[in-house]
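# Need a 3D model of the sequence below.
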Amino acid sequence: MTARCPGCGTFAADTDRFCEACGRKLGVRLIALPPKEFRPGSGSTVPVAEAARNARMDPVSGTTATFESSPATDCTGCGGTEFDPDGYCSSCGELGPERDRFEADLGTTCLVTDRGLLHARNEDAVAAAVVEGANPERPAAAVITVCDGVSTSEDPQAASGAAVRAGLDACLTALSEDLPAEDCVMAGLTAAAAAVKAVGTPDGKSPSCTYVSAIVQFEADGGAVVTVANVGDSRAYWLSGDPQRLTVDDTLAQAMVDNGLLDADTAMDGPHAHVLTRWLGADSEHQWSANCVRTLRTTEPGVLLLCSDGLWNYLPEAAALSRFTGTLPALPAARALVEHALGAGGKDNITVALVPVPSRASTGDTP
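Below you'll find the model as predicted:
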């Protein structure tokens, strides 16, 4: 049995993972944001418009994707479109603009990441993949990774960018080997931790970030199995008729709650709310919590949300978040969540990833 590569049209065997002609990973659509080309110091001199077109990790066909909420801004000094590795205009030397927002709609998952109002750059990152299944109307799985760079570390955006890409790739590789989902998310976490550690330098620079990932395995007749892993305080929520948070923060505030020293509301209002006890970085002990992996099996419709604290700082409760996803399609809901955070202050970078899960199809049987 053969199929055509969606990238170049070359025939490939159904056991092939990559197209021999163009190298595209078969049966997978994936993207990572912000694209590396937009990170100052990344070594890119790609023109802004071309970088936006090339932001995907792999060519993606049959999807819609936008990369910012407004037209791209060129150099404010001369109108140039090319920038040196440090982000300065190649023509006049003026510092190039920071892109405020990137978006992507892969159909099965929608992503939005925004710089916020106070940060000079976006230190968050997000990556997602859709694994196509035998039924063209229903993918086999979706994989998402979200990271929030620790602002007190050097080059936190380098950590988050490396982690989402390495974590996503390792999850996909493990899935292709038919490993259990729990093993797949742990493979992603291990790879992400190694990638961030490798970003460090011999002189002691240690970029750091948080990490949350999810694998959504869609059932043939509806419903799904959701497996999440997290380190730090980026979160996963299941938003449905019974909304709930799926992850537990690795923070000093959470530790105080767990040990009965403070109630949750008092802890989150205190100075320890965002003091991390675990993170990814060369200075991390890489000892994850016992509950860093969790699994939810659902037959009911709902939406999986992964986000950085730039969102949940303003909407920490699952019930409040579900009011957005319960009334809007995925991409408008993601945008509305980001806009809410901006309207509430936008003090941090904001990243939102949504995966809608359809309800289980009726069998026609009477209970």
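# What helices and strands are in contact with the longest helix anywhere in the chain?
Assignment by DSSP state H gives helix 156-176 as the longest helix of the chain. On a contact count with 3 or more Cβ pairs under 8 Å, 6 or more residues apart in numbering; DSSP states H and E, helix 156-176 meets strand 28-33, strand 124-131, strand 141-148, helix 181-199, strand 208-209, strand 211-218, strand 280-281. All C-beta spots, glycine's among them, are computed from the backbone N, C-alpha and C.
# Next, the angle from it to strand 141-148.
Interaxial angle of helix 156-176 relative to strand 141-148 (axes from the mean of the first three to the mean of the last three Cα atoms, to 10 degrees): 160 degrees.
# Deepest in the core, which of the helices and strands packed on helix 156-176 is it.
Of all these, strand 208-209 has the most neighbours on average by mean count of other Cβ atoms under 10 Å, namely a mean of 32.
# so for that strand, what's the average pLDDT?
The average pLDDT within strand 208-209 is 96.
# which secondary structure elements does it contact?
helix 156-176, strand 280-281.
# if we can go back for a sec, dump the helices and strands packed on helix 156-176 to CSV, plus distance to residue 164.
Converted to CSV, these look like this (distance: least, Cβ to Cβ, whole Å):
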stretch, distance to residue 164
strand 28-33, 6
strand 124-131, 4
strand 141-148, 4
helix 181-199, 7
strand 208-209, 9
strand 211-218, 8
strand 280-281, 11
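# Would you single out the least confident of these?
Here the lowest mean pLDDT among these goes to strand 28-33, at a mean of 91.
# And that strand, what does it pack against?
strand 101-105, strand 110-114, strand 124-131, helix 156-176.
# Which of those sits closest to residue 329?
Among the helices and strands packed on strand 28-33, the nearest to residue 329 by Cβ to Cβ is strand 110-114 (8.5 Å).
# export the closest one as CSV, just CAs?
This file holds the C-alpha atoms of strand 110-114, laid out as CSV (Å, rounded to 0.1, in the frame of the first residue of the first chain):
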residue,chain,number,x,y,z
CYS,A,110,-5.0,26.2,18.0
LEU,A,111,-2.1,28.2,19.4
VAL,A,112,-1.6,31.9,20.4
THR,A,113,1.4,33.4,22.0
ASP,A,114,1.7,37.1,22.9
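# i'd like the first residue to be 419 from this point on
Sure, I'll start numbering at 419, so the last one becomes strand 528-532.
# what does it contact?
449, 451-452, 518-523, 540, 542-544, 546, 562, 728, 748-749, 751-753, 755-756, 759-760, 764, 767-772 (Cβ atoms under 8 Å, 6 or more residues apart in numbering).
# Now do that strand and strand 542-549, the angle between them.
170 degrees.
# Paired strands for strand 528-532, with orientation please.
Next to strand 528-532 in the sheet, as set by DSSP bridges, lie strand 519-523 (antiparallel), strand 768-775 (antiparallel).
# Dump those into TSV; add mean neighbour count and distance to residue 536 as well.
Output for the strands paired with strand 528-532, formatted as TSV (neighbours: other Cβ atoms under 10 Å; distance: least, Cβ to Cβ, whole Å):
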stretch	mean neighbour count	distance to residue 536
strand 519-523	23	15
strand 768-775	27	11
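# Could you tell me the least trusted of those?
strand 519-523 (a mean of 93).
# how far is it from where the chain is centred?
11 Å (Cα atoms, centre = their mean, to the nearest Å).
# Residue 551: which of the helices and strands packed on strand 626-627 is closest?
Among those, helix 574-594 sits nearest to residue 551 (Cβ to Cβ), with 11.8 Å.
# contacting residues for the closest residue to residue 591 other than its chain neighbours?
Among residues not flanking residue 591 along the chain, residue 605 sits closest, at 7.2 Å (Cβ to Cβ, 6 or more residues apart in numbering). By Cβ under 8 Å, 6+ apart, residue 605 lies in contact with 588-589, 591-592, 597.
# just these now: which is nearest residue 610?
residue 588 (7.4 Å).
# burial count for the closest one?
The local packing of residue 588 (other Cβ atoms under 10 Å) involves 24 other residues.
# what's the spacing between it and residue 508?
36 Å (Cβ to Cβ, to the nearest Å).
# Now rank the contacts of residue 605 by neighbours and give me the top one.
Highest count within the contacts of residue 605 by other Cβ under 10 Å belongs to residue 589, 33 neighbours.
# So for it, what's the nearest residue that isn't a sequence neighbour?
In space, residue 589 is closest to residue 606, 3.8 Å off (Cβ to Cβ, 6+ apart).
# thinking that neighbour is in contact with residue 630, fair?
No - Residue 606 is not in contact with residue 630 according to Cβ atoms under 8 Å; the separation is 10.5 Å.
# Spit out the residues that contact the two alike.
563, 647.
# re the thing from before, please report the distance of the residue nearest to residue 591 from residue 760.
Taking Cβ to Cβ, one finds residue 605 at 35 Å from residue 760.
# Equivalent analysis for residue 714, please.
29 Å.
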